[in-house]
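# with the sequence up front, the predicted model follows.
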Amino acid sequence: MDLSFLPELAGGMLQTFIIFALTLVLSLPLGLVVYGGRVSRFKPLAWLIQFYISVMRGTPLMLQLLVVYFGPFFLFGMQIGAAYRFSAVIIAFAINYAAYFAEIYRGGFQAIPVGQSEAAFVLGYSPARTFLTIKLPQMFRTVLPSITNEVITLVKDTSLAFAIAYAEMFTIAKQQAAASASMLPFVAAGIFYWVFNLVVAVVMERIEKRMGSYKIR
């Protein structure tokens, strides 16, 4: 059994994890910004954000990745190279997942009883304090299962980076499988994705349990 592909595959695993981590770091807070625009009283902004969300949710992520990568060249004549591949992957993934998170957040905020805001106003809470100490924690507690599903999906979606030949794990596994005429690289990649998702599921479950014990003070 030839396992000489493992060191190179390990490098691809690291790139997969980096894509995953950066996408979450950027898209989770960006989703809040998008949500703010989505519910804005300034209608042109709200309509623009609704259109953006519709496009992000209604078109394949792979297509969005290709547009982000090739767009600068076809639209502005800018020269693109291998160095831009990583940036294109992160940009495409972040703006895509931000749209999904924004809608998840919207559902979470809508689930909060209006009476809580009224009670906070009576107690003299400022709108900012009400949002940060009452609404935001409850929203996250409510939507954590939905966020968990998106996070698990993100682990698998990182493989779409192969569309622009970015050397993450799936791209390397495909190259190694073709070079060795063996399925072993694919099996190894599949095991990694499975274990990665198991770890994510366990971590998110623990976060859900902690958030479940949250009490407003």
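Arrived safely, thanks for sending.
# how about the residue in the chain that sits furthest from its center?
Residue distances from the centre of the chain (C-alpha atoms, centre = their mean) peak at Val122, which lies 37.4 Å from the mean C-alpha position.
# quick check: pLDDT value at that one.
Turning to Val122, the model gives it a pLDDT of 74.
# with Met78 instead?
80.
# what about it, which SS state?
coil (DSSP: H, G, I helix; E, B strand; the rest coil).
# that one and Phe93, how far apart?
To Phe93, Met78 is 21 Å away according to C-beta to C-beta, to the nearest Å. All C-beta atoms are positioned from the backbone trio N, CA, C, and that covers glycine.
# the two: which has the busier surroundings?
Phe93 (26 against 10; other C-beta atoms under 10 Å).
# what comes up buried for the helix or strand containing that one?
Here Phe93, judged by DSSP states H and E, is contained in helix 82-110. Residues of helix 82-110 classed as buried: 84-86, 88-106, 108-109 (neighbour count, 16 or more other C-beta atoms under 10 Å).
# using CSV, write out every CA atom in stretch 133-147.
This file holds the C-alpha atoms of stretch 133-147, laid out as CSV (Å, rounded to 0.1, in the frame of the first residue of the first chain):
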residue,chain,number,x,y,z
THR,A,133,-27.0,42.1,26.4
ILE,A,134,-30.5,40.8,25.7
LYS,A,135,-31.3,40.3,22.0
LEU,A,136,-27.9,39.2,20.6
PRO,A,137,-27.2,36.4,23.2
GLN,A,138,-30.8,35.0,22.8
MET,A,139,-30.6,35.2,19.0
PHE,A,140,-27.4,33.1,19.0
ARG,A,141,-28.9,30.6,21.4
THR,A,142,-31.9,30.2,19.2
VAL,A,143,-30.0,29.8,15.9
LEU,A,144,-27.1,27.7,17.0
PRO,A,145,-28.5,24.5,15.5
SER,A,146,-28.9,26.2,12.1
ILE,A,147,-25.4,27.7,12.3
